[in-house]
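Asks: this one's structure only:
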């Protein structure tokens, strides 16, 4: 489809799910009502993120210059950024609704994994005053780097739809964050070696979740080799999703100065990814083949 149709579909989808949450229609307690509607702001953010525009300023400039006829009330950048940040919660709710409608919760197979969100270069970390009390030093085994910042955590379903997510300080254990991510799911949960823990497996089993991970070299594995091979093939899907979030949506870059704007930034990236999955499903495209959605 062309970019025009993509914007229209995103706007219609946002309007449909936005109206389900009447309690968030009045998110402002004082001041003038913005001329740009909340539905338009969320649409602009989703499309901007999908087009790999990474900053508030970049998204605002692109739509102010290229789509002024469609969004004549876009206004000033500061108003747009403030209005966007105020809508962080409703973006979270819309994403959750979309993911549920895509079967991400009812699915019986999920994968969990983490990824680094680096605040600044390691050498500059001791001079940084941002996110004091929230960010910390951590180590990413897959990239073999020590960094300062946060750690992102994802659960996806068998099709690659993001079911739940959270962030934590970089020094936190991936195992500690699992409980927050699995509140709504059941069945098989696939994790990497960072989730190996007999205690965790037992606690998850009590709530109907079967955690399966690869074994370390010094551990005996009595499982069927074909079953283990199947688990590893399925687990590669979450690496694809994290790759998309990093390369297309730049989720590993913070570009925020407080938790309010950081939460909004991550929420809109997750929402944009989920909306893209929703449109792929609607038009008969494989869920994660985003490159087929917009044709020049």
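Replies: Yep, that arrived. Values in this document were obtained by computation on a predicted structure and should not be read as measured data.

Asks: Just give me the neighbour total for the closest residue to residue 158 other than its chain neighbours.
Replies: Spatial nearest neighbour of residue 158, chain neighbours left out: residue 109 (4.4 Å); criterion: C-beta to C-beta, 6 or more residues apart in numbering. (Glycine included, C-beta is placed from N, CA and C.) Neighbourhood size, residue 109 [other C-beta atoms under 10 Å]: 17.

Asks: Could you list everything residue 109 pairs with in the sheet?
Replies: When assigned by DSSP bridges, residue 109 has beta-bridge partners residue 188.

Asks: and the residue nearest to residue 80 when sequence neighbours are not counted, how many residues sit next to it?
Replies: Closest residue to residue 80 apart from its sequence neighbours, by C-beta to C-beta, 6+ apart: residue 60 at 5.0 Å. A count of neighbours around residue 60, defined by other C-beta under 10 Å, yields 23.

Asks: Run through who's touching whatever helix or strand residue 60 lives in.
Replies: Assigned by DSSP states H and E, residue 60 belongs to helix 56-66. Residues from elsewhere that reach helix 56-66, judged by C-beta atoms under 8 Å, 6 or more residues apart in numbering: 44-45, 47-49, 51, 53, 70-71, 74, 77, 80-81, 84.

Asks: could you redo the last one with a cut-off of 6 Å?
Replies: 44, 48, 53, 71, 74, 77, 80, 81 (C-beta atoms under 6 Å, 6 or more residues apart in numbering).

Asks: ok, back up a step: how near is the residue nearest to residue 80 to residue 19?
Replies: 25 Å (C-beta to C-beta, to the nearest Å).

Asks: And the pLDDT for the residue nearest to residue 80?
Replies: We have a pLDDT of 91 for residue 60.

Asks: same deal with residue 156?
Replies: 92.

Asks: Can you tell me the strand partners of the helix or strand where it lies and which way each runs?
Replies: For residue 156, the host element (DSSP H and E) is strand 145-157. Using DSSP bridges, the strands paired with strand 145-157 are strand 109-120 (antiparallel), strand 136-140 (antiparallel), strand 162-169 (antiparallel).

Asks: Out of those, which is closest to residue 268?
Replies: Closest to residue 268 of the strands paired with strand 145-157 is strand 162-169 (C-beta to C-beta; 12.4 Å).

Asks: Tell me the helix or strand right after the closest one.
Replies: helix 174-181.

Asks: So which elements touch that following helix?
Replies: If you count contacts as 3 or more C-beta pairs under 6 Å, 6 or more residues apart in numbering; DSSP states H and E, helix 174-181 packs onto strand 162-169.

Asks: With that, I have no additional questions.
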